[in-house]
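Trainee: sequence plus the predicted model coming up.
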Amino acid sequence: MLPSDATLGDLFRAIRSDDETSREAAWEQCYKRYWQLVWTRVFYVMRTISWLGEPNEMAADVTSDVFVGLPDALKHYRDAGKPEQWLKQIAVRTAIRRRESLTGKWSSGRSSDAEPKERAVGRSYVSYDETPDQVVHRLDSVEQEELMELERRRKALRESSDATKQRWDQFLQLYIDGYDFGEIGERIGITEASARNWLCKIRKYLAQPVAVG
């Protein structure tokens, strides 16, 4: 029986073990504890597809692929370095492969006519010449700052005298926690269609530059 505080390296070793019960328990624990870490990195890649209307759902789909393929991927894992870093790399590689299959644009720079050459306005750009390691490193370097800025803006929503903006913060927390639009709508008393519309409004609001002075 794996302890609840087992390290990711311990979980990897258990997933590669000969005991089926240990493998299943370790995989489940890995999924529950590291789903958000994997999803964040997958989303970072998927949101750069200019025509993809809702990258959140596609990122969830790709994240599932990462965990489904984890037992096979671990056959090539070596216990050197940090297992968290290795998992991030697997997440980014999987996301890049999905992006390539969707856009017809590859790491060599070859592209199809289906994807505009211009970078999507307002979305982070992932160079096709970057290695997964470089993408992960860049994400790690800015992630904390982005999270701090998001928290500052959410605090402004919570403290706003506007009741709608206060509800926007409730929406964001549910969205970050992984609830779908139907569940979010039920919890805050709006329809699923309205919940989808709220996400667009909140994104536009958060994208506005902060007033100085």
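Mentor: Received, thanks.
Trainee: off-centre distance for whichever strand or helix holds residue 195?
Mentor: Using DSSP states H and E, residue 195 maps to helix 192-207. Centroid separation between helix 192-207 and its chain, computed with C-alpha atoms, centre = their mean, to the nearest Å, is 18 Å.
Trainee: buried ones in it?
Mentor: 195, 196, 198, 199, 202 (16 or more other C-beta atoms under 10 Å). (Glycine included, C-beta is placed from N, CA and C.)
Trainee: neighbouring contacts of that helix?
Mentor: 122, 150, 153, 168, 171-172, 175, 181-182, 184-185, 188, 190 (C-beta atoms under 8 Å, 6 or more residues apart in numbering).
Trainee: now swap in stretch 67-75 and tell me
Mentor: Under C-beta under 8 Å, 6+ apart, the answer for stretch 67-75 is 12, 15, 16, 23, 27, 30, 31, 35, 38, 90, 94.
Trainee: return the member of the contacts of helix 192-207 nearest to residue 160.
Mentor: residue 168 (8.7 Å; C-beta to C-beta).
Trainee: what's the following helix or strand after the strand or helix carrying the closest one?
Mentor: Using DSSP H and E, residue 168 falls within helix 163-176. Sequence order places helix 181-188 as the next helix or strand after helix 163-176, per DSSP H and E.
Trainee: dihedrals phi and psi, residue 17?
Mentor: Backbone torsions of residue 17, given as degrees, to the nearest 10, read phi -80, psi 170.
Trainee: ok, it - how many residues close by?
Mentor: 12 (other C-beta atoms under 10 Å).
Trainee: now it: closest residue in space that isn't a chain neighbour?
Mentor: Spatial nearest neighbour of residue 17, chain neighbours left out: residue 23 (6.0 Å); criterion: C-beta to C-beta, 6 or more residues apart in numbering.
Trainee: please apply the same query to residue 15.
Mentor: residue 26 (4.7 Å).
Trainee: where's the one you found relative to residue 175, distance?
Mentor: 29 Å (C-beta to C-beta, to the nearest Å).
Trainee: between these two, which is the more surrounded one?
Mentor: Using other C-beta under 10 Å as the criterion, residue 26 and residue 175 rank with residue 26 on top: 23 against 17.
Trainee: which residues sit in contact with that one?
Mentor: Residue 26 neighbours (C-beta under 8 Å, 6+ apart): 2, 6, 10, 11, 12, 14, 15, 17.
Trainee: also residue 90?
Mentor: 66, 70, 73.
Trainee: rerun that using 7 Å as the cut-off
Mentor: 66, 73 (C-beta atoms under 7 Å, 6 or more residues apart in numbering).
Trainee: just to revisit the earlier point, how about the contacts of stretch 67-75 in TSV, adding secondary structure and distance to residue 82?
Mentor: Shown next, in TSV, are the contacts of stretch 67-75 (DSSP: H, G, I helix; E, B strand; the rest coil; distance: C-beta to C-beta, whole Å):
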residue	secondary structure	distance to residue 82
12	helix	11
15	helix	17
16	coil	17
23	helix	22
27	helix	20
30	helix	15
31	helix	19
35	helix	18
38	helix	15
90	helix	13
94	helix	19
